[in-house]
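> predicted model and sequence below, questions to follow.
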Amino acid sequence: MSTQIFVNLTTTDLDRSKAFYTALGCEINPLFTDENAACVVWDEQVFFMVLTHEHFGQFTEKPLADPTTSAQVIVALSRDSRDDVDATLVAGLAAGGREPREPQDYGFMYSRTIEDPDGNILEFLYMDPAAAEQGPESYLADNA
């Protein structure tokens, strides 16, 4: 069995979050979705559990961070191309997301950052396959 990743995020508006993530191309798994949580399916291995603040609070004794004012985690997801990175951001911005900084282009890697409507930070990136296999220095030396 391969490892699956479940990222838990908080939301103040579950319906708004479901609309945002479906606009990015995700599906909602109805078997694990109710009035407290939504299971956002990125692919067969990666899922976001978007939880209301009250529901999320049941899983920790720590105070919840407000993602509009505090960064606790940046979730980075790869895309198949630079165009896919851009298309994902365009869809997310149209669905209420916010791009807090300019795109980052390192030659071997291109990334863009978006905050979902609750302020959770997502980064979408494309990395050249040669750089992923050989490391960025090798890629930059070969493409100088």
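Here it is on my side, so go on.
> skipping adjacent residues, who's closest to A91 in space?
A23 (5.1 Å; C-beta to C-beta, 6 or more residues apart in numbering). All C-beta atoms are positioned from the backbone trio N, CA, C, and that covers glycine.
> quick check: phi and psi at the one you found.
The phi and psi values for A23, taken as degrees, to the nearest 10, are phi -60, psi -30.
> so it touches L93, yeah?
No: counting by C-beta atoms under 8 Å, A23 sits too far from L93 to count as a contact (9.5 Å).
> so those two - more neighbours on which side?
Between A23 and L93, A23 has the larger neighbour count (other C-beta atoms under 10 Å), namely 17 against 14.
> in the protein, mark out all the strands, start to finish.
With DSSP state E as the criterion, the chain has strands at 5-11, 27-29, 37-41, 46-52, 74-78, 104-105, 109-115, 121-127.
> turn the ones you listed into a markdown table, columns for distance to S17, mean neighbour count and mean pLDDT.
As requested, those are exported to a markdown table (distance: least, C-beta to C-beta, whole Å; neighbours: other C-beta atoms under 10 Å; pLDDT from 0 to 100):
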| stretch | distance to S17 | mean neighbour count | mean pLDDT |
| --- | --- | --- | --- |
| strand 5-11 | 4 | 17 | 96 |
| strand 27-29 | 10 | 14 | 98 |
| strand 37-41 | 7 | 21 | 98 |
| strand 46-52 | 5 | 20 | 97 |
| strand 74-78 | 14 | 14 | 95 |
| strand 104-105 | 25 | 12 | 96 |
| strand 109-115 | 12 | 20 | 97 |
| strand 121-127 | 12 | 19 | 96 |
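> give me the contacts around stretch 119-126.
9-10, 66-69, 71, 73-82, 84-85, 88-89, 92, 100, 109-116 (C-beta atoms under 8 Å, 6 or more residues apart in numbering).
> to clarify, my last question referred to stretch 61-75.
Contacts of stretch 61-75 (C-beta under 8 Å, 6+ apart): 7, 9-10, 48, 53, 56-57, 113, 115, 118-123.
> just list whatever residues bridge to the residue nearest the centre of the chain.
With distances taken as C-alpha atoms, centre = their mean, L122 lies nearest the centre of the chain, 3.7 Å away. Listed beta-bridge partners, L122: V75, I114 (assigned using DSSP bridges).
> now the strands of the chain as a markdown table including distance to E133?
Supplementary listing: these in a markdown table, determined by distance: least, C-beta to C-beta, whole Å:
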| stretch | distance to E133 |
| --- | --- |
| strand 5-11 | 22 |
| strand 27-29 | 31 |
| strand 37-41 | 28 |
| strand 46-52 | 22 |
| strand 74-78 | 14 |
| strand 104-105 | 20 |
| strand 109-115 | 13 |
| strand 121-127 | 10 |
